[in-house]
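**Student:** Give me a 3D structure for the following:
(2 chains)
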Amino acid sequence: MKISLTRRYDFAASHRLHAPRLSDAENQRIYGKCNNPYGHGHNYALEVTLTGPVDPATGMIANLGDLDPFVEREVLAAFDQKNLNEEVAEFRTTVPTTENVCREIFRRLKGFPAARLERVRIEETSKNSFEIGAEEFA
Amino acid sequence: MIRITRKVEFAASHFYHNPNFSPEENRRVFGKCNNPHGHGHNYTLEVTIAGEPDPATGMVLDLKELKELLEREVMDRMDHRHLNYEVPELAGKIPTCENIAAAIWQLLEPKITRGKLDRVRVYESASLFADCTAGSTNGAGKRA
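**Tutor:** A predicted model of the protein is given here:
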């Protein structure tokens, strides 16, 4: 029997999908509406999954009193109500698709000291979701 | 292999308190959840069974059987109960969603006769849930 804990957060951000190495016509063909130069936004839902032993003294894999401020500091403060292309250094050179946002958030959270980061899952809309597991992050 | 999932909801109260901690430590570790009068949640339980459909019925497990099992093993024990005082399976444990999921796994696992218990998911709220799955233990004992 293996136990994991998942916490869900929300953030709102804007982005534009545009690869500088491609021509404008190619960008338009590949990214369509998402290539609009003024950008657009989403209400993202972020799920953070942790595994590890359940501490018998607390009944917890991780205390939300530790996890919530860590996620706030490492991710939400940098992503919520921001323009991902302009305000998150990683996305000055990487296209902020939600695949890449997953990977960047995993990188920012993997140092959480109290438990192992097992998965990061993001719903860009209620119809699209993306996830990355610890074994896929290398 | 097919997985089928049944969902039920139960309402229960709980609070977090470790008698080995000082009052200050209890408040520091558990925060608002340490309120001795308790508080409550509408828990959502999702139980997933994995198996091959029986060729005669097309079913992994009759959902009616699963519904009755959940009624008997979970709802009768936990719905409209105080998890600290009224659920023997949680006695001596802090009733977090991790421990509730583990207790429900242990109640259900030996009673699933067709298919295998694949996952127990307990939502304490829309923003917090614990999963219990088959597989190697990640340490029921002390934290590393």
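**Student:** Give me the buried positions along the longest strand along chain A.
**Tutor:** The residue-count maximum for a strand in chain A (DSSP state E) belongs to strand A:2-15. Using 16 or more other Cβ atoms under 10 Å in any protein chain shown as the burial criterion, the residues of strand A:2-15 that qualify are A:Lys2, A:Ile3, A:Ser4, A:Leu5, A:Thr6, A:Arg7, A:Arg8, A:Tyr9, A:Phe11, A:Ala13, A:Ser14, A:His15. Placement of C-beta: from N, CA and C, glycine included.
**Student:** And the helix or strand that comes right after that strand, what's buried?
**Tutor:** Next in sequence after strand A:2-15, counting helices and strands by DSSP states H and E, comes helix A:24-31. Going by neighbour count (16+ other Cβ under 10 Å), the buried part of helix A:24-31 is A:Asn27, A:Tyr31.
**Student:** Could you count how many residues lie near A:Asn43?
**Tutor:** Neighbourhood size, A:Asn43 [other Cβ atoms under 10 Å in any protein chain shown]: 12.
**Student:** Oh, that last question was meant for B:Arg6, not what I typed.
**Tutor:** Neighbours of B:Arg6 (other Cβ under 10 Å): 16.
**Student:** Let me see the contact set for it.
**Tutor:** B:Glu46, B:Val47, B:Leu63, B:Leu66, B:Lys67, B:Leu70 (Cβ atoms under 8 Å, 6 or more residues apart in numbering or on different chains).
**Student:** And A:Val101, by the same measure?
**Tutor:** A:Tyr44, A:Leu84, A:Ile122, A:Phe130.
**Student:** Make a PyMOL selection of whichever of those residues turn out to be buried.
**Tutor:** To isolate the buried ones among the contacts of A:Val101 in PyMOL, judged by 16+ other Cβ under 10 Å, type:
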select buried, chain A and resi 44+84+122+130
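**Student:** where does chain B have low pLDDT?
**Tutor:** B:137-144 (pLDDT under 70).
**Student:** can you give me the strands for chain B?
**Tutor:** B:2-14, B:39-51, B:81-82, B:116-125, B:128-133.
**Student:** Give me the longest helix you can find in chain B.
**Tutor:** helix B:97-108 (DSSP state H).
**Student:** Report the distance from it to the chain centre.
**Tutor:** 4 Å (Cα atoms, centre = their mean, to the nearest Å).
**Student:** what angle do that helix and strand A:2-15 make?
**Tutor:** Relative orientation of helix B:97-108 and strand A:2-15, computed by axes from the mean of the first three to the mean of the last three Cα atoms, to 10 degrees: 130 degrees.
**Student:** same for helix B:97-108, what does it pack against?
**Tutor:** Using 3 or more Cβ pairs under 8 Å, 6 or more residues apart in numbering or on different chains; DSSP states H and E, the elements in contact with helix B:97-108 are strand A:2-15, strand B:39-51, strand B:116-125, strand B:128-133.
**Student:** try it again with 10 Å
**Tutor:** When contacts are defined as 3 or more Cβ pairs under 10 Å, 6 or more residues apart in numbering or on different chains; DSSP states H and E, helix B:97-108 packs onto strand A:2-15, strand B:2-14, strand B:39-51, helix B:63-70, helix B:76-78, helix B:83-86, strand B:116-125, strand B:128-133.
**Student:** sorry, back to before: deepest-packed of the strands of chain B, please.
**Tutor:** strand B:128-133 (a mean of 22; mean count of other Cβ atoms under 10 Å in any protein chain shown).
**Student:** Can you list the strands that it pairs with?
**Tutor:** Strand B:128-133 has its sheet partners listed here by DSSP bridges as strand A:2-15 (antiparallel), strand B:116-125 (antiparallel).
**Student:** average pLDDT for the longest helix along chain A?
**Tutor:** The longest helix of chain A (DSSP H) is helix A:98-109. Across helix A:98-109, the average pLDDT comes to 97.
**Student:** Also stretch A:131-138?
**Tutor:** 92.
**Student:** B:Tyr123 pairs with what?
**Tutor:** Beta-bridge partners of B:Tyr123, counted by DSSP bridges, are B:Thr44, B:Phe129.
**Student:** And it, how far from B:Ala101?
**Tutor:** 10 Å (Cβ to Cβ, to the nearest Å).
**Student:** Mind listing the shared neighbours of these two?
**Tutor:** B:Leu45, B:Phe129, B:Ala130 (Cβ atoms under 10 Å, 6 or more residues apart in numbering or on different chains).
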